[in-house]
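Student: Just need the structure, nothing else, for what follows:
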Amino acid sequence: MTLHTVTADRRTHRVLVAASPLLILVIGRLAAMYLTARLGRWAWVGSSLVYWGSLVAIILLLGDRGQFRRWFGKSQGSRWWAVPAIGMGLIAFPLLLIPNLHVLGDWPLAIAWLAFGAINATCEEIYWRGFLLDQTSHLPRILGVLYSTVLFTILHPLMLGVFSEIQRFDPSQPLALLPFFIILVALALVFCLLYLKTRSLRLAILSHFLSDLGNLSIYLFMNIITM
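Tutor: Here you go, the predicted structure:
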């Protein structure tokens, strides 16, 4: 294999990595639209499975050996990084979870809510933070962080907004989602910072899991509650 071939292969790989979030957006959107028309309020179940499967498939196809061991290794650096991780994760608890604790009385849904939070936090962090930040490490770090954060933010109204009224973009009220975007961007940036500073996804996953619990994820998807 010549140096030219190696360079060409590396360039192709980088293009595929850069294009993968766009593919995720398209797959997520189409799956959400298709399943909403057939499953109604339960569309989030099938849509999530398609989404998570797409994330894992891309990581396995374009990732490198040893990545999972690296991502789930012990956190490095100061233990104080646990403070912003937990603090940001709990931000939605007084705003949304605590005022709506009554919805947790439905035990099957409550179990699904916990399971969704754990699976979603893990899958999203290994792709949007671990995979993308590792695979864009040849670029200025800020570019990788911004690319991951912007597309991660766009994903929510584009995919989840199909079946979740609170995350749906309304052209007649273009600024209605601005507070939601600000919070989402802040969370994504903190998740990036946690990974880059600790060289592990443990705290990022914990923070993301708490955030998904606090915002009552599947209850919003099913429009059981509104903000």
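Student: use CA for all of it now, contacts and neighbours both
Tutor: OK.
Student: Distance of Val45 relative to Ile218?
Tutor: According to CA to CA, to the nearest Å, Val45 stands 9 Å off from Ile218.
Student: which of the two has more neighbours?
Tutor: Remark: of Val45 and Ile218, Ile218 carries more neighbours, 24 against 16, as counted by other CA atoms under 10 Å.
Student: what secondary structure does Asp170 sit in?
Tutor: coil (DSSP: H, G, I helix; E, B strand; the rest coil).
Student: What sits closest to it if chain neighbours are left out?
Tutor: Leaving aside its sequence neighbours, Asp170 sits nearest to Ala176 (CA to CA, 6 or more residues apart in numbering; 7.6 Å).
Student: Neighbours of the one you found, how many?
Tutor: 15.
Student: Give me the phi and psi angles of it.
Tutor: Torsion angles at Ala176 (phi, psi; degrees, to the nearest 10) stand at phi -60, psi -30.
Student: okay, which residue is most central for the protein?
Tutor: Glu124 (3.8 Å; CA atoms, centre = their mean).
Student: how close does that residue sit to Phe209?
Tutor: 10 Å.
Student: for Arg168, same thing?
Tutor: Distance from Arg168 to Phe209, by CA to CA: 22 Å.
Student: One more: Ser54?
Tutor: On the measure of CA to CA, Ser54 and Phe209 end up 20 Å apart.
Student: Same check on Arg199?
Tutor: From Arg199 across to Phe209, the span is 18 Å (CA to CA).
Student: what helices or strands is the helix with the most length in the chain leaning on?
Tutor: The longest helix of the chain (DSSP state H) is helix 3-39. Judged by 3 or more CA pairs under 8 Å, 6 or more residues apart in numbering; DSSP states H and E, helix 3-39 is in contact with helix 43-62, helix 132-135, helix 141-159.
Student: how about the ones you listed, which one is nearest Ile91?
Tutor: For those, proximity to Ile91 was assessed by CA to CA; helix 141-159 is nearest, at 17.5 Å.
Student: tilt between the closest one and helix 3-39?
Tutor: Helix 141-159 and helix 3-39 are oriented at 30 degrees to each other (axes from the mean of the first three to the mean of the last three CA atoms, to 10 degrees).
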